[in-house]
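J.: Fold the following and give me the result.
(one chain, ligands or ions: 1)
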Amino acid sequence: MHTWKVERCNLRRQTAALLPELLRVTEEVLCNGTYILGPQLEAFEHEFARFLGIRYAVGVASGTEALVLALAAAGVKAGDEVITTPFTAIPTIAAIVMLGARPVFVDIDPDTYTLNPDLLPGALSPKSRAIIPVHLFGHCAEMDAILAIARSAGLPVIEDAAQAHGSCYRGRLAGTMGTMGCFSFYPTKNIGAYGDAGAVVTDDEKLSTELRLLRNYGQISPYHSILPGYNSRLDELQAAFLRIKLNHIEHWNQQRVQLAELYLQLLDIPEVRHPVVRPGHTPNWHQYVIRAEQRDALWHYLASQGIQANVYYPIPAHLQEAYVYLGYRKGDFPEAEQAAQSVLALPMFPELTPEEVELVVAAIRSFYGRT
Ligand SMILES: Cc1ncc(COP(=O)(O)O)c(C=O)c1O
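T.: Sure, this is the predicted structure:
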């Protein structure tokens with residue numbers, strides 16, 4: 001195992017700080033005897049909805065399944081088209097394909113890596129059934145423009161907010177602006193479980209009922225299914241862990257903001273382009289992603305210095321082997337392809353210390369001969 005001087009995301013620090021509480025609720029849940037669809041999930045759903053200022057949160061098994069269930073609740077079926085970007089985590093695309101629908105891509109805004117609304121009208125067709133903007137790295141997509149286009153086309157908007165817990169756009173929180181918002185609580189997310197977990201949020205009561213049915217075999221009561229559903233429930237232990245973490249999210253996001261400011265201030269060299277924050281946006285800094293000259297050489301140099309950076313995402317979805325059948329080609333989405341060549345995510349997690357940021361910055365400076 002590589003021993004890093006600075007890790008990309010060290011989860012042990014947060015766990016150590018919370019350990020007494022985590023152990024306490026573990027004992028509580030284990031002794032309670034209800035492990036699926038119990039009081040912890042119900043409480044977490046209320047608390048997460050309150051945090052977002054939305055009416056309903058439905059806990060599900062993962063962020064991927066949040067998207068699958070949201071698309072299903074929106075009525076997406078085999079043969080329908082769902083519009084999204086090719087520069088996203090692959091589960092966004094996998095979720096669409098799991099329903100037999102077809103992903104239709106729109107290139108990104110190169111500054112924010114989010115769906116470019118100017119290109120959205122060109123992707124609409126009579127088969128379009130939904131739009132999934134992705135709030136990548138914690139920066140929200142341009143929702144006003146996207147929502148306006150969706151409204152005039154009569155399409156639901158399903159926000160992929162897997163990386164955007166607490167991100168804000170013109171006074172509204174990520175996940176609360178569209179028809180439904182989908183969250184992941186994968187361990188490295190801004191609120192992370194100790195396993196897989198996710199949620200769909202909505203203000204629409206009918207959709208929330210549908211989502212609750214879908215996550216539990218379509219059962220309206222035990223052994224009475226009124227529609228074909230899934231097994232996609234957020235278990236009691238994860239819900240209990242997430243309730244503890246939810247109490248800290250605002251503070252943790254604030255720590256990320258301070259770390260982002262430090263990177264910006266200390267890493268002042270022309271070879272590095274810092275993330276762009278558009279007016280009216282408050283990212284949650286899920287990732288701090290720079291654009292770097294000689295990206296791969298820098299990445300390897302950092303590794304040789306014990307600094308763990310990463311590339312999200314080296315291959316855009318339209319060029320992934322799994323999705324060749326969609327018929328897209330290299331050159332179809334130049335901004336996504338260019339981003340895949342030049343982005344580099346620097347270490348970022350709330351417990352990262354300013355001294356560690358200084359080590360990262362010093363190594364980048366030394367790579368470019370700017371000591
Ligand atoms: C943008 C995005 N969408 C969807 C997902 C899927 O979430 P999960 O890993 O919980 O299934 C992730 C995280 O992996 C993600 O980053």
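
J.: For Met1, give me the pLDDT.
T.: pLDDT, the model's per-residue confidence, is 58 for Met1.

J.: Sorry, wrong one. I was asking about Thr371.
T.: On pLDDT, Thr371 comes in at 79.

J.: Could I get the phi/psi values of the residue in the chain that the ligand sits nearest to?
T.: Taking Cβ to the nearest ligand atom, the ligand has its nearest neighbour within the chain at Gly63, 2.4 Å off. Where C-beta positions appear, they are placed from N, C-alpha and C, glycine not excepted. Backbone geometry at Gly63, expressed as degrees, to the nearest 10, gives phi -70, psi -40.

J.: cool, and Ile131?
T.: Its backbone dihedrals place Ile131 at phi -120, psi 130, with angles given as degrees, to the nearest 10.

J.: Test my guess that it contacts Leu120.
T.: Yes. Proximity of Ile131 to Leu120 meets the contact threshold set by Cβ atoms under 8 Å, at 7.3 Å.

J.: between these two, which one's more packed in?
T.: Between Ile131 and Leu120, counting by other Cβ atoms under 10 Å, Ile131 is the more crowded of the two (29 against 20).

J.: quick one, what contacts that one?
T.: The neighbourhood of Ile131, defined by Cβ atoms under 8 Å, 6 or more residues apart in numbering, consists of 82-84, 115, 120, 146, 149-150, 155-158.

J.: What of Ala240?
T.: Applying Cβ under 8 Å, 6+ apart, one finds that Ala240 lies in contact with 25-26, 28-29, 40, 44.

J.: do Asn253 as well
T.: Asn253 makes contacts with 165-166, 190, 284-285, 350, as judged by Cβ under 8 Å, 6+ apart.

J.: which neighbours do Ile131 and Leu120 share?
T.: Shared contacts of Ile131 and Leu120 (Cβ under 8 Å, 6+ apart): 83, 146, 149.

J.: Any regions of this protein where pLDDT drops low?
T.: Applying pLDDT under 70 to the chain flags residues 1.

J.: residues in it within reach of the ligand, list them.
T.: When proximity is defined by Cβ under 6 Å from any ligand atom, the chain lies next to the ligand at 62-64, 88-89, 91-92, 134, 160, 162-163, 184, 186, 196, 198.

J.: how many other residues sit next to the closest residue to Ile90 other than its chain neighbours?
T.: The spatial neighbour of Ile90 that comes closest, neighbours along the chain excluded (Cβ to Cβ, 6 or more residues apart in numbering), is Ala317 at 6.3 Å. When counting by other Cβ under 10 Å, one arrives at 25 neighbours for Ala317.

J.: Can you verify my assumption that Ala317 contacts Ala94?
T.: No. With contact defined as Cβ under 8 Å, Ala317 and Ala94 do not form a contacting pair (9.3 Å).

J.: moving C-terminal of the lengthiest helix in the chain, what's the next helix or strand?
T.: The helix that spans the most residues within the chain, counting by DSSP state H, is helix 12-32. Proceeding C-terminally, helix 12-32 gives way to helix 39-52 as the next helix or strand, assigned by DSSP states H and E.

J.: Hey, what's the angle from that following helix to helix 12-32? Just curious.
T.: Helix 39-52 and helix 12-32 are oriented at 140 degrees to each other (axes from the mean of the first three to the mean of the last three Cα atoms, to 10 degrees).

J.: Can you give me the buried ones in helix 39-52?
T.: Applying a neighbour-count criterion of 16 or more other Cβ atoms under 10 Å, the buried positions in helix 39-52 are 40-41, 44-45, 47-49, 51-52.

J.: Then stretch 217-227?
T.: Within stretch 217-227, the residues scored as buried using 16+ other Cβ under 10 Å are 217-218.

J.: Could you check how far it is from the centre of its chain?
T.: A distance of 30 Å separates the centroid of the chain from that of stretch 217-227, by Cα atoms, centre = their mean, to the nearest Å.
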